[in-house]
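**Q** Pasted the sequence and its predicted model underneath.
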Amino acid sequence: MNEWLELGAVAFAAGIVDAVMGGGGMLQVPALFALFPGLAPAALLGTNKFASSVGTAGAAFRYVRAMPPRWTTVAPVVIAAFLSSLLGAYALTRIPAEPLRKALPFLLLALLLYTAWSDAGFVHEPRYARHREAAVATSGAAAVGFYDGFFGPGAGAFYKLLFVRALGFDFLNAAAPAKLANVASNLAAVLVFALNGLLLWKLGLGMALANFIGGQVGSRIALRYGNRLIRWAFLVVVAALIVKTYRDAYPR
């Protein structure tokens, strides 16, 4: 019972982190492995994806109500993220992920430095007209979705970066489309895990509830305090991802 309460608290905190910026898996995944060491790793990863999908979806709908996105851009983005994540999950069974694991911390470091020394995300100045915006966003979402299905860490931050840097959105206006794309690629991964029997439904539903509540709290905080809070959260999450992915790729 204590394990369930501890995991619920972690899922709640992960929901807050995910809603503000993304990266809640950095909390949930280690907690699952620590509290349930006897369970199959793949099943724990599938359960984490399921819980995160529910919390992220709840946060996404709150952002949609507060900052309605351009649906002609979002609809193809969601479809591309879902399909490419399925392709990435399939590719994982055919292609070794180790080269990407080794390169990822350095890619994230470049991302962190690039964002820290710019004013990206403070001003909402979309760069493209409607059809061009949809094309650029869909291409980027397809790339991130494939990455999410194939490997995963930091996908939420990559979606956010796509809309902020490539399309000229501020962080608040990027929140809804980035979250919806993340939900789509997460659901594709959940589908793969579920079809292979790698999802612990009872545990996942409990975590999903806590993650959903955390997502509502986190999105409320982000909407109240705006772009400056989200930008700092982005930098903190990416810095933490650099540390985590480096340790995973280069264990001592």
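**A** Cool, the structure landed.

**Q** residues in contact with L162?
**A** 137, 140-141, 144, 178 (Cβ atoms under 8 Å, 6 or more residues apart in numbering). Quick note: C-beta positions are derived from backbone N, CA and C, even for glycine.

**Q** K202: how many residues sit nearby?
**A** 9 (other Cβ atoms under 10 Å).

**Q** give me the element it is part of.
**A** Using DSSP states H and E, K202 maps to helix 201-249.

**Q** Kindly report the same for S52.
**A** Element membership of S52, judged by DSSP H and E, is helix 41-66.

**Q** and that helix, which residues are buried?
**A** Buried residues in helix 41-66, defined by neighbour count with 16 or more other Cβ atoms under 10 Å: 43-64.

**Q** that older thread, elements contacting the helix holding K202?
**A** helix 2-20, helix 25-35, helix 41-66, helix 98-116, helix 155-161, helix 171-195 (3 or more Cβ pairs under 8 Å, 6 or more residues apart in numbering; DSSP states H and E).

**Q** I'd like to know how many residues surround D248.
**A** Counted with other Cβ under 10 Å, residues neighbouring D248 total 13.

**Q** Could you find the closest non-adjacent residue to it?
**A** The shortest distance from D248 to any non-neighbouring residue, by Cβ to Cβ, 6 or more residues apart in numbering, is to R101 (6.6 Å).

**Q** and the one you found, what is it in contact with?
**A** R101 sits next to 151, 245, 248-249 when contact means Cβ under 8 Å, 6+ apart.

**Q** neighbour-wise, which of these leads?
**A** Most surrounded of the contacts of R101: other Cβ under 10 Å gives T245, at 24 neighbours.

**Q** so how far is P68 from it?
**A** Relative to P68, T245 is positioned 34 Å away (Cβ to Cβ, to the nearest Å).

**Q** Tell me the gap between the helix holding S52 and the middle of its chain.
**A** Put simply, helix 41-66 sits 9 Å off its chain's centre (Cα atoms, centre = their mean, to the nearest Å).

**Q** tell me, how many neighbours does P99 end up with?
**A** Residues near P99, counting by other Cβ under 10 Å, number 10.

**Q** Tell me, how many residues neighbour L235?
**A** If you count neighbours by other Cβ under 10 Å, L235 ends up with 16.

**Q** Next: L5.
**A** 11.
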